[in-house]
Structure formats: structure tokens, C-alpha cells
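Peer 1: Here is my input, please return the structure:
(chains A and B)
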Amino acid sequence: MQWIETEEVVRFNEVDEWGMAWYGNYMAWFEAGRMALLERFDLMPGQMVALGFIAPVIKLTCDYKKPAACGDHIVIRTTVVKPEIAALNFIFEIVLKTDRSLLARGETTQVLLTTDKKMIYRLSGELAGRVNKLVDYCCQA
Amino acid sequence: MRRKLETIVSDTKELRSFLKRMIVETLKLEDITAEDIDGDTPLFREGLGLDSIDALELVVAVEKHFDVIIEDENVGKEAFASVNVLAGFIQTEYKGFSKNGMRFAG
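Peer 2: Numbering: from 1, shown residues only, chains lettered A, B, ... in the order given. Predicted coordinates:
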């Protein structure tokens, strides 16, 4: 499995009263990881729309393992798993840069709709080509 | 195997039972058995309560078992109206019943 890595620093405005990164911020970090991966395969949201598709997230899970603190350098690791259905399944791991300890692990599921909001059940054409390249890259040994 | 599939598709009653079992198994339904499903009950929302992700999984199951393709939501809305409607859809779309029988040759 191949992962893309993106770095962030936990900002002062991202920590809560207890000095820990607020739980909702992890979603924004996942999104940074997702963008870094999608950009490589010409699947950025605007590029998807140009092909006539959108990919809304319909499921999100996140396991919090260890809190991040203000100033921590974190690495967002992102990959996709081979889907059995016409959907995109991203996996994210957020690790501390210094010792690579796992802070959080999350997953999202995105379905594919046409821009007029009809769900597609099978990928075809240019979209299928780009998504297959993404999946092949991430699923390589 | 192919011969068996042809038998199932051509027997409406058997096909409907097969589809009920397929739905329960594919979606790992726990509170409902194949026997509980009424053939005319809508599969989605107010009926069995399935959602759009369930539809994606059923599309894969239908293609795997019958080699029948449900392209998108427009087709899916009609095909997944109920078990009985789905059975009719599969009987219409099933390519195994080609006139020259080439598909089953050998």
C-alpha cells in the first residue's frame, strides 16, 4: 500500500482549553491529505466538476489515539483502498513527525454523483481512467 | 453453473426467492430474513429502508450473479422498486437467453 504524506504544524487556534488539538481539526487535516493525493491524479474537485461529477463524503470515521499539542509537527498519511462498489474510500493516518507515533486514524467514503446529482453505479470514461490510476498507485505492493 | 443460472432466471418464483436471499446476504441484514421480504415492498426508504450505498452494493451483486448491468440511479430507481420488479428487470436484461444460445455453447 502506497501512502502520500503531507505535513502540518498544529496552530495555537487549533487547540482546545485542555491544550489538545480540537477533535474537529482532524477532518481539516484529512482534507489536506486528500487534496495532496487527488492533485497527483487530476481529480481535484474542480477537475471532477469539469468531467461532470462531484464526490460528496457520505461516511466518516475517526479513531483518536493520542492528542496533538500546539506546535507539534504532524504528518498526514493518505491512501485509498480498492473499492468493491462505485465509491472512493480514503484512509488517513496522522502521526507525530518526531517519533511517528499514531495520533489518529480515519476513513471516509465518497459516492460519485453527476453534477445534476444523479448517483452513478459504475465508473466509465475519463473518470474511470483517473480513478483507476489513483487506486492502482495506492494499492501497489 | 450457467445452466443452473438459466433455470433460476427463467423461473420467476425461484428468481424472486434468490433475490431476497441475495439482498439479505449482500447487505448483511440482521433484523430481517429473506422470508420476511414481501415481493412488492419498496426496497428503499419507506419499504425495506435501504439507502443509496445499499443500492451500490446490490448493483455489484446483480452484476456478479447475473451479468446484468445497472448503470446509474435513473435505471436503479426503476429496477430496485421491489423484489418483483427487480426480478422482471433481470429477466428482461439477462443476456443468457440469446436466440442462438451461443452463450451456453459447450
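Peer 1: For chain A, which segments count as strands?
Peer 2: Remark: strands assigned in chain A by DSSP state E are A:4-9, A:53-54, A:57-64, A:73-81, A:87-96, A:102-111, A:113-114.
Peer 1: A:Gly33 is nearest to which of those strands?
Peer 2: Within these, the stretch nearest A:Gly33 is strand A:73-81; the backing value is 3.4 Å (C-beta to C-beta). For every residue, glycine as well, the C-beta is placed using N, CA and C.
Peer 1: Packing partners of that closest one?
Peer 2: strand A:4-9, helix A:25-40, strand A:87-96, helix A:125-139 (3 or more C-beta pairs under 8 Å, 6 or more residues apart in numbering or on different chains; DSSP states H and E).
Peer 1: highest average neighbour count across those?
Peer 2: The highest mean neighbour count among the helices and strands packed on strand A:73-81, using mean count of other C-beta atoms under 10 Å in any protein chain shown, belongs to strand A:87-96: a mean of 21.
Peer 1: for it, what is the average pLDDT?
Peer 2: For strand A:87-96, the mean pLDDT works out to 97.
Peer 1: Excluding chain neighbours, what is closest to B:Thr7?
Peer 2: Excluding the flanking residues, the one nearest B:Thr7 by C-beta to C-beta, 6 or more residues apart in numbering or on different chains is B:Glu14, at 7.4 Å.
Peer 1: Just to check, the one you found is in contact with B:Lys4?
Peer 2: No - in this structure B:Glu14 lies outside contact range of B:Lys4 using C-beta atoms under 8 Å: 10.3 Å.
Peer 1: What residues does chain B have near chain A?
Peer 2: Residues of chain B lying near chain A by C-beta under 8 Å from any C-beta of the partner chain: B:52-53, B:55-57, B:59-60, B:69-76.
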